[in-house]
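Chemist: Take a look and give me a structure for this.
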Amino acid sequence: MYKFKIWIDADSFPQIAREYAVSLAKTTTIPITFVANHEIKTKIRWEGFKMEICPAVSGAADDFICQNVSDNDIVLTRDIPFAARLVEKKITVINDRGQKFTKDNIQDRLAERQFSLNLSEIGLGGGKSNYYSEKELKKMASELEREVQTHIMNEVYNIKKY
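Modeler: Purely as a prediction, here's the structure:
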């Protein structure tokens, strides 16, 4: 197994995307951890899979990941403010739609989120879309695979991140 891990902020991450990540982790022998305030089931079980259950308090799963994540780990989350915390720590963060959050784009994503919230508050927002298609899954899978390969190469050749 590799030293780096994949973490999933699992409460709101789509099931099909979680299953894909676990399958990839098993195939590549990368440890993977789901973090949530209740048990999240997965069809794929193996010794590198772990489920961390946090208290049912707002932000508990985010705080757990933030406190336990290592420099070369990969985190999958839909939570943009949480992603901003991780980007600040120089952690690789990818959302369920295949977007990698970076220091160059996170402020724009936060501003877009706030704008959408403001529109919703005055009744102009369309609300959240729970639609998740094969297209989004493919983008997430592609970005995750790219990052996994980069992290493997960095570990094999002992290349320090940043």
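Chemist: Residue 67 versus the residue lying closest to residue 43 once chain neighbours are set aside, what's the distance?
Modeler: Leaving out its chain neighbours, the residue that sits closest to residue 43 by C-beta to C-beta, 6 or more residues apart in numbering is residue 19, at 6.1 Å. Yep, even glycine has a C-beta here, placed from its N, CA and C like the rest. Going from residue 19 to residue 67 by C-beta to C-beta, to the nearest Å gives 26 Å.
Chemist: Summarise which helices and strands the helix or strand of the chain with the lowest mean pLDDT is packed against.
Modeler: When the helices and strands of the chain are scored by mean pLDDT, DSSP states H and E, helix 106-121 comes last with a mean of 76. Contacts defined by 3 or more C-beta pairs under 8 Å, 6 or more residues apart in numbering; DSSP states H and E place helix 106-121 against helix 80-88.
Chemist: The helix it packs on to helix 106-121, inter-axis angle?
Modeler: If you take axes from the mean of the first three to the mean of the last three C-alpha atoms, to 10 degrees, helix 80-88 sits at 170 degrees to helix 106-121.
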